[in-house]
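Can you look at this prediction? I've put the sequence above it.
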Amino acid sequence: MITLLIGDDQYAIRKKLTSFKSALDPAWTSFNYHRFPQSSLSDAIDCALTIAFGTLKAKLIVVEDCNFKQFDDKMLKTLDLLPQIPDFSHLVFIAPSFDKRLKVSKFLISHGKLLEFMLIPPWRTDLIVQSISAQAKSVKLLLDSNTVDYLALAIGNDSARAESELQKLAIYGSGRRLTNAEVQALVPSQTQNSLQLAEAIRENDCRKAMTLLNELLARAEFPLVICATLSTQFRMWLWVKAAMANGVKLDSEIAKVCQIANPKRVYFLKKEVAETSELALAQAVTLLLELEVSLKRGAGADSMLPSILAIARLFGSV
């Protein structure tokens, strides 16, 4: 059997791998569970072709961190052996992305099963709300819509934390409906200070922005997570401001256009951007995207402060 695990939701992929591993004979796992880098593809295939040990006669071979665009002719030739892999061997390829137009992709799909595990984009709060709501129902957790909205904001698109927190709430609730206050006490918002940072930037409060950023970094918050929260918030403000500028007046219509799950939130968003320039918001989103790219290319956390102050300056004089 051949399986492709594709996506950036590492927790979901690890969870799926664990389920595959559970099919092995526990007494022989160390002999039948193998992990290889992409550069050792030939060794992985050879391993899949060899006999399994134990009573269950099952093997799991994982090829990690694949970049199928880098598969050369030699690697493609190695893949010709895939049809010969015996039924007892389960060969798994793990990759962050998958271009179905590639020759290697078409070949793998023809011989295996594609499973995609993509994180919900952090700015798609509507999809995060839907996911939280569905997961809550699956563990028989009773929550009202405002509480689900809070959890979506507090947890974001962190699938590992979502599962952990909802299971904790389900055990605590024991079948009864939990209040918003109880949930907030049990599930602190990891994005709250980042949202306060966004507010300080929009209000051109550089001193407060510097303090909040230093606090976030001091408690080991990942710069990319901070940047993602800021991008989400400024993008949301931009969408709302643009909708208002284009004559969309009803909160329900703005919510629909801007993909805001809770229309009641629009009232507050409108107040927040009432005195804010649409151009400044657009420039802020651009600068945050540039900061995100810089961080992904290896820039350190110390590169954040100049960018944050530059964005704050868009909203007034220092």
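Sure, I can see it.

mind giving me the domain split of the chain?
For the chain, automatic domain parsing gives the domain ranges 2-116, 125-186, 192-313.

can the ones you listed go into TSV with extra columns for mean pLDDT?
Listed next are these as TSV, based on pLDDT from 0 to 100:
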stretch	mean pLDDT
domain 2-116	90
domain 125-186	90
domain 192-313	88
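
Tabulate the ones you listed (JSON lines), appending mean neighbour count.
In this view, the C-beta of every residue, glycine as well, is placed from N, C-alpha and C. Output for these, formatted as JSON lines (neighbours: other C-beta atoms under 10 Å):
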{"stretch": "domain 2-116", "mean neighbour count": "16"}
{"stretch": "domain 125-186", "mean neighbour count": "17"}
{"stretch": "domain 192-313", "mean neighbour count": "17"}
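
My guess is residue 98 contacts residue 4. True?
Yes: contact criterion C-beta atoms under 8 Å: residue 98 and residue 4 qualify, at 6.8 Å.

Need the residues touching each of those two.
Shared contacts of residue 98 and residue 4 (C-beta atoms under 8 Å, 6 or more residues apart in numbering): residue 114.

ranges for the strands of this structure?
2-6, 33-37, 59-64, 89-95, 113-116 (DSSP state E).

got a list of contacts for the longest one?
Taking contacts as C-beta under 8 Å, 6+ apart, the residues outside strand 89-95 that touch it are 1-6, 13, 17, 20, 23, 44-45, 48-49, 52, 58-68, 82, 85, 108, 112.

The first one too?
For strand 2-6, contacts defined as C-beta under 8 Å, 6+ apart pick out 13, 16-17, 20, 82, 85, 90-98, 108-109, 111-117.

List the contacts of the most far-flung residue of the chain relative to its centre.
What lies farthest from the middle of the chain is residue 55; by C-alpha atoms, centre = their mean that is 38.9 Å. Residues near residue 55 by C-beta under 8 Å, 6+ apart: 25, 27-28.

Can you tell me the centre-most residue of the protein?
Most central in the chain under C-alpha atoms, centre = their mean is residue 119, positioned 3.5 Å from the mean C-alpha point.

The stretch 1-150 of the chain: helices as residue ranges?
Ranges of helices in the stretch 1-150 of the chain, per DSSP state H, counting those that start in this stretch, are 10-21, 29-32, 41-49, 73-79, 103-111, 125-138, 145-155.

As TSV, those helices with distance to residue 175 would be great.
Formatted as TSV, the helices of the stretch 1-150 of the chain follow (distance: least, C-beta to C-beta, whole Å):
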stretch	distance to residue 175
helix 10-21	26
helix 29-32	37
helix 41-49	46
helix 73-79	51
helix 103-111	44
helix 125-138	13
helix 145-155	16
